[in-house]
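In: Quick one, structure for this:
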Amino acid sequence: MVSLVVSMGMVESRLDTRQSHLLKICLFATGCSGIVAEFTLSTLASYLLGNTTLQWTLTMSVMFFAMGLGSRWSRLFPDRLLDRFIAIEFWLSALCATCAAAAYFGSALIHSSGVVIYGYAFAIGVLIGMEIPLVARLNASYEELETNISSVMENDYFGALVGGLLFAFFALPHLGLTYTPLALGAINFVVASVLLWRYRSLLVHRLRLMVAFWGLAIGLVLLGVCMRPIVMFGEQSQYRDRVVFQKQTPYQRIVITEWKGHHWLYLNNNVQFSTYDEVRYHEPLIHPAMQLAGSRERVLVLGGGDGLAVREVMKYIDVKRVTLVDLDAEVIALARSYPALRAANKGSLDDPRLDVVMGDAGRFLADSAELFDVIVVDLPDPKGPDLARLYSREFYRECLAHLSADGVVVTQASSPLHAKKAFLCVYQTMQSAGFSVVPYHTYVPTMSDWGWVLGVREKLDRGLKARVRALDFEGIETQYINGEVMRGMLSFGKGTFDDLENIAVSTELEPTVDQYYRESEWGW
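Out: Have a look, this model is predicted:
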């Protein structure tokens with residue numbers, strides 16, 4: 001043990017037990033910061049590059065690999081361990097604080113945010129990997145090997161737990177991708193500063209570290225002042241029209257753009273609707289199902305937090321109760337308060353007949369015992385396994401179980417032109433769940449050719465397609481859909497269904513709809 005202390009040099013031999021405790025506290029803080037850095041970069045990659053599952057996998061893998069390299073390379077530091085640890089924290093502070101700004105600049109200026117994000121992930125991973133070995137060596141004078149290693153790892157892992165909770169419940173929803181990186185940089189800066197000022201007399205390169213301290217302090221303040229304009233500059237580069245609103249929620253990034261008085265809503269860079277032509281989507285989504293249903297008293301809308309589908313449902317005076325289930329409370333709040341959205345949905349979310357339930361659509365169906373006359377599935381496209389499960393046979397069987405005897409289910413089914421196999425998969429999967437189904441589609445300028453699948457219980461088939469074809473929508477106020485449009489929506493181009501028998505059913509364990517979507521023109 002004595003030889004180990006001597007080999008660490010005169011500086012480390014003067015560290016006292018209080019520094020051992022301080023180092024562990026610092027490691028707890030850096031463990032907290034490190035895990036949040038990983039989550040932040042993964043979220044940035046998902047937002048800017050798409051494909052959440054792929055980006056989280058790649059970003060985390062790159063960081064863990066880099067951490068291994070950092071741990072290996074730490075053995076190249078034979079002395080001045082405290083100097084090196086403080087320097088690493090300063091470097092981490094700078095990299096963590098600037099990662100979002102760099103990613104947005106990369107997107108705007110070189111149109112390659114992936115290179116920037118993965119580069120930052122690698123660099124931050126290397127530095128994080130160096131932290132634990134250096135702290136363990138600094139602490140080796142005061143604890144036996146087994147105690148030293150376990151206590152150092154313990155503090156790092158406990159810090160990671162706290163960091164994960166902070167990211168999920170505070171940083172991402174309240175600081176967003178704008179200020180979370182800055183907060184990370186501040187944590188590492190505070191750790192380095194505490195060690196620098198508390199033990200500056202023990203440092204070999206005290207002047208260099210002081211210069212780094214003051215330079216980084218000024219840099220963090222300037223970055224805090226300029227961060228929002230930087231992010232807005234990068235955000236604007238992602239969109240053709242002027243960005244007028246942006247917010248990060250725990251579930252997604254919301255962006256609203258404006259052009260000539262019309263507004264577009266984007267979730268995670270994917271357009272949801274435009275006030276220019278959204279009636280071409282929402283009227284076909286709602287009215288065929290409402291017209292076919294034996295009763296319209298109880299309606300369930302899954303998704304559709306923008307209130308536009310609910311607006312169409314509320315046009316029927318015999319509707320007594322509508323239940324809207326949406327995962328993101330921020331979307332609901334925005335639809336109620338943002339002037340352009342409230343004007344578009346005509347205040348439908350404040351209708352006294354509406355009950356809003358915040359939660360997952362699949363979980364709601366699993367926990368509910370209610371029956372509904374019409375079930376509307378207005379969810380985003382099946383990008384990734386988290387959304388694909390809401391297009392699975394199990395999900396549609398849950399819908400069937402909650403459907404009244406002569407009820408109707410309708411789901412948006414993506415584009416039969418650009419994501420043809422995914423569209424056909426929804427058709428096949430609903431059939432396999434016990435529905436008699438009718439597909440239909442129309443052209444929405446903002447979204448191209450778009451499709452839906454409508455279903456009733458198999459025993460109620462009774463020429464379902466002919467019944468849909470006969471709908472005329474008289475007596476209901478519409479801007480787009482009428483009997484002639486409905487008949488046209490039932491017609492598909494030659495060869496659309498030629499491959500139907502080769503399309504696999506999507507299940508929770510085998511989400512083939514996700515695979516089909518990824519292979520489409522709109523895949524990643």
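In: quick one, strands of the stretch 201-350 of the chain?
Out: In the stretch 201-350 of the chain, the segments counted as strands under DSSP state E, counting those that start in this stretch are 242-248, 253-259, 262-267, 270-274, 298-303, 321-326.
In: Deepest-packed of those strands, please.
Out: strand 298-303 (a mean of 26; mean count of other C-beta atoms under 10 Å). In short, each C-beta sits where N, CA and C put it, glycine included.
In: As a markdown table, the strands of the stretch 201-350 of the chain with mean pLDDT and distance to residue 29 would be great.
Out: Shown next, in a markdown table, are those (pLDDT from 0 to 100; distance: least, C-beta to C-beta, whole Å):
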| stretch | mean pLDDT | distance to residue 29 |
| --- | --- | --- |
| strand 242-248 | 89 | 24 |
| strand 253-259 | 93 | 28 |
| strand 262-267 | 94 | 34 |
| strand 270-274 | 91 | 36 |
| strand 298-303 | 97 | 40 |
| strand 321-326 | 97 | 37 |
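In: Next up, the contacts around residue 508.
Out: Residue 508 sits next to 389, 392, 394-395 when contact means C-beta atoms under 8 Å, 6 or more residues apart in numbering.
In: Name the nearest of those relative to residue 301.
Out: For those, the residue nearest residue 301 by C-beta to C-beta is residue 395; the value is 15.2 Å.
In: Tell me how many other residues crowd the closest one.
Out: For residue 395, the neighbour count with other C-beta atoms under 10 Å is 26.
In: tell me which element it falls in.
Out: Secondary structure from DSSP states H and E places residue 395 in helix 393-401.
In: Which positions within the helix or strand sitting right after that helix along the chain qualify as buried?
Out: As assigned by DSSP H and E, the chain's next helix or strand after helix 393-401 is strand 403-412. Residues of strand 403-412 classed as buried: 403-404, 407-412 (neighbour count, 16 or more other C-beta atoms under 10 Å).
In: ok, which pair from the residues you listed is furthest apart?
Out: Greatest spatial distance among these (C-beta to C-beta): 404 and 412, at 21.6 Å.
In: measure stretch 401-419 end to end?
Out: End-to-end distance for stretch 401-419: 29 Å, by C-alpha to C-alpha, to the nearest Å.
In: about what we covered before: could you list every helix and strand that the helix holding residue 395 packs against?
Out: Counting contacts by 3 or more C-beta pairs under 8 Å, 6 or more residues apart in numbering; DSSP states H and E, helix 393-401 is packed against helix 361-367, strand 403-412, helix 420-432.
In: Quick check: which of the ones you listed is nearest to residue 120?
Out: Per C-beta to C-beta, nearest to residue 120 of those: helix 420-432, 33.3 Å.
In: Helix 393-401 and the closest one, what's the angle between them?
Out: Here helix 420-432 runs at an angle of 50 degrees relative to helix 393-401 (axes from the mean of the first three to the mean of the last three C-alpha atoms, to 10 degrees).
In: list the helices and strands helix 420-432 packs on?
Out: Using 3+ C-beta pairs under 8 Å, 6+ apart, helix 420-432 sits against helix 393-401, strand 403-412, strand 435-444, strand 448-457, helix 512-519.
In: Give me the angle between the shortest one and helix 420-432.
Out: When you say that, I think you mean helix 512-519. Using the same axes, to 10 degrees: helix 512-519 against helix 420-432 is 170 degrees.
In: Ok, the fourth one next?
Out: What separates the directions of strand 448-457 and helix 420-432 is an angle of 10 degrees, with the same axes, to 10 degrees.
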